[in-house]
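K.L.:
Turn this into a structure:
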Amino acid sequence: MPRPRDKIRDFPGKRWLNVALRTIHIAGLVLLGAALLGTGDLRHGALVTLVSGLAMFLIDTWANPAQLRETAGFGIIVKLLLVGLMVLFPAQAEPVFWLILVLSTLISHAPGPFRHRRLF
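P.N.:
Numbers count the residues shown, from 1 in each chain. As a prediction, the model looks like this:
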């Protein structure tokens, strides 16, 4: 079922803000991956990833509060929590990193009816 697009909020520059945040987010992921390979500080990469991911999530939730009940929105909450766990339990950071990567890929490339399925 297609999502109704008429109830999504917008503001000038939202697209470019999301592009900038996504760029920062990817840089954070690279820092995080580098730290897992022994080059850098896990906390710095996790912080950049967490803050940029949270900012994108908050903008998307403001624009479409219904996303919180959908698979994609709920998946973002899970991923943000997992990034936080990486900092709290650095010994488990590598498998959690790969779990986040797999979840991100599956959810973002899944068909729309799956991504936007209402969970509750």
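
K.L.:
what residue ranges in this protein are flagged as low confidence?
P.N.:
The chain contains residues with pLDDT under 70 at 1-6.

K.L.:
So which residues of it form helices?
P.N.:
For the chain, the helices defined by DSSP state H cover 14-36, 42-63, 71-88, 93-109, 112-115.

K.L.:
Can you check what angle separates the third one from helix 14-36?
P.N.:
Helix 71-88 and helix 14-36 meet at an angle of 40 degrees, taking axes from the mean of the first three to the mean of the last three C-alpha atoms, to 10 degrees as the criterion.

K.L.:
Check the offset of helix 71-88 from the chain's centre.
P.N.:
For helix 71-88, the separation from the chain centroid amounts to 7 Å (computed by C-alpha atoms, centre = their mean, to the nearest Å).

K.L.:
Need the CA coordinates for it. CSV is fine.
P.N.:
Presented in CSV, the C-alpha positions along helix 71-88 are these (Å, rounded to 0.1, in the frame of the first residue of the first chain):
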residue,chain,number,x,y,z
THR,A,71,9.3,-1.1,10.1
ALA,A,72,11.8,1.5,8.8
GLY,A,73,11.3,3.9,11.6
PHE,A,74,11.4,1.3,14.3
GLY,A,75,14.5,-0.1,12.7
ILE,A,76,16.2,3.2,13.0
ILE,A,77,15.5,3.2,16.8
VAL,A,78,17.0,-0.2,17.0
LYS,A,79,20.1,0.8,15.1
LEU,A,80,20.6,3.9,17.2
LEU,A,81,20.4,1.8,20.4
LEU,A,82,22.9,-0.7,18.9
VAL,A,83,25.4,2.2,18.2
GLY,A,84,25.0,3.2,21.9
LEU,A,85,25.7,-0.4,22.9
MET,A,86,28.9,-0.4,20.9
VAL,A,87,30.2,2.4,23.2
LEU,A,88,29.0,0.7,26.4
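
K.L.:
now for it, which elements pack on it?
P.N.:
On a contact count with 3 or more C-beta pairs under 8 Å, 6 or more residues apart in numbering; DSSP states H and E, helix 71-88 meets helix 42-63, helix 93-109, helix 112-115. Heads up, the C-betas are built off the backbone N, CA and C, glycines and all.
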